[in-house]
Each structure stands twice: as structure tokens, then as C-alpha cells.
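Engineer: pasting a predicted model and its sequence here:
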Amino acid sequence: MRQSTAALSFLYGIDEFYPKFGYTTIGPMYHLRITAMAYRPPLPEGWRMRSLRRRDLPAIKRIYALNTANSVGAAVRTARSPVWTQLIATAAPNSADTCRVIADEHDAVVAYAWRGAGLGYVRDFEGYEPRSLVLGEVMASSPQSADAILGLCCAWAAEETARREQPVCWVYSNQPPWSIISTAAMYHENWLDTQSFRSGGMM
């Protein structure tokens, strides 16, 4: 690590282990728990919910850049990042993963919710609470589109309830309190959870 070009590194720690090597706690984990499951705001005229298409990727990249421009610790995704390959694969027929979007009156993507099947956050949190729908990435480009994507998340949860043995009681998304999604959620009956650790973490 000392020989690499990274300015810093961070990880989910093991209790009382990594501090011995100079690591320190940098902050909590944040989760948005959407509990207003009946929430379905009317979409603006011409807007609609649909699945991701391959040609949507440039718009998805712009939304990601907009949401992470002033973030601390967000992953820097280059144009050839493997994450984009994984995300665009959800547009293939019979994909095990899913990404849904809000498209405006010009069919341009203004918000998206990516299931992220197989991602650690999704796998771990659905293991903790089987009654939840965990989404790996939820982002929007404006307050209006943030409200719309919250409605999409609730509609998605209703579909999952019909498919599962247990009803989906809430939707989880890894959101800091200052995100545009969290701000939109604060106008409804939802939870913003802060989970802190002294020196450990999910490991």
C-alpha cells in the first residue's frame, strides 16, 4: 500500500485490529429505509418508468458524476470502469440483475435504481432482513426526479411482495443524509439510519 499511488485507503475494519497499523475511524454508515410503501407520486406529463437500455449509459454516468462530485470517499469511476460493464449487463435479456430508470418526456434518463444483485451491500443487508428490498445504487438528477425514483422503489417493492413468500416491508438504499434522494425522502414517512462503529465494521 505504501508503494501505490493512492492518496488514502479505507475499509470496513475488524475490531481492535486495523488501528494497530495506523487506521482510524472516519465515520458512520448511512442507510435510507423507505417505509412509506404506498407512496406513488404522479409522474410529470410525459415521464415514465422503464428498464435500462444500453443507450442510457451516458446519462447514468452523468447522474453518477453529479451525485458524487462533492462526496467524500465515493468511488471514482473511469469511462472503462468494470462497474459500468456490470451495470449495462442488466439491459441484456434474462439478466439476473436489474436496473430501472425514470425517463423524461424526451426519453432521457433523469434517475435510476440499480438492484446490484451480488454486490456485498445488497447481499449482506438482505441476509440481515429478508423482508427488505435492498437496492445497490439509487440516484437522481433533480428534486423532481428524486421524488419520482422513490415512487419507483415503492412500486418495485410491491412487485417483490407478490413474488416472495414474505411481504417486503421496506426498501434499503445506502444514502447519506445530504443526498438528493434522502432529502426527497424526508418529506414522507421514512427512516434515515446512522450506524457507527468504534473500530470495527461489517467484517
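Structural biologist: Perfect, I can see it now.
Engineer: not counting sequence-adjacent ones, nearest residue to the residue nearest the centre of the chain?
Structural biologist: For the chain, residue 137 is the residue whose C-alpha lies nearest the centre (CA atoms, centre = their mean; 2.1 Å). Nearest residue to residue 137, sequence neighbours excluded (CB to CB, 6 or more residues apart in numbering): residue 114, at 4.3 Å. To be clear about C-beta, it is placed using only N, CA and C from the backbone, and glycine gets the same treatment.
Engineer: so where's the chain shaky on pLDDT?
Structural biologist: 200-203 (pLDDT under 70).
Engineer: strands of that one, start to end?
Structural biologist: With DSSP state E, the ranges of strands along the chain come out as 29-34, 48-51, 99-103, 109-114, 132-135, 137-140, 170-173, 191-195.
Engineer: what's the biggest helix in this structure, counting residues?
Structural biologist: The longest helix of the chain (DSSP state H) is helix 143-163.
Engineer: for that helix, buried residues please.
Structural biologist: Neighbour counts over helix 143-163 (16 or more other CB atoms under 10 Å) mark 144-154, 156-157, 160 as buried.
Engineer: do you know which of the strands of the chain lies nearest residue 66?
Structural biologist: Distance to residue 66, taken as CB to CB, is lowest for strand 137-140 among the strands of the chain, at 8.0 Å.
Engineer: hmm, who's touching that closest one?
Structural biologist: With CB atoms under 8 Å, 6 or more residues apart in numbering as the test, strand 137-140 has contacts from 32, 63-64, 66-67, 102, 110-114, 116, 146, 148-149, 153, 173-175, 180-181, 184.
Engineer: ok, the residue nearest to residue 125 when sequence neighbours are not counted to residue 14 distance?
Structural biologist: In this structure, residue 125 finds its nearest non-sequential neighbour in residue 134, 4.6 Å apart by CB to CB, 6+ apart. From residue 134 over to residue 14 the distance is 23 Å, taken as CB to CB, to the nearest Å.
Engineer: comparing those two, which residue is more hemmed in?
Structural biologist: For residue 134 versus residue 14, neighbours defined as other CB atoms under 10 Å are more numerous around residue 134 (23 against 12).
Engineer: and the more buried one, what are its bridge partners?
Structural biologist: residue 172 (DSSP bridges).
Engineer: right, and it touches residue 172 too?
Structural biologist: Yes. Contact criterion CB atoms under 8 Å: residue 134 and residue 172 qualify, at 4.5 Å.
Engineer: list residues touching both of these two?
Structural biologist: Counting by CB under 8 Å, 6+ apart, the common neighbours of residue 134 and residue 172 are residue 125.
Engineer: let me see the contact set for residue 125.
Structural biologist: Counted by CB under 8 Å, 6+ apart, residue 125 has contacts 31, 132, 134, 172.
Engineer: let me have these in a markdown table, extended by distance to residue 86.
Structural biologist: Below are the contacts of residue 125 laid out as a markdown table (distance: CB to CB, whole Å):
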| residue | distance to residue 86 |
| --- | --- |
| 31 | 22 |
| 132 | 22 |
| 134 | 16 |
| 172 | 20 |
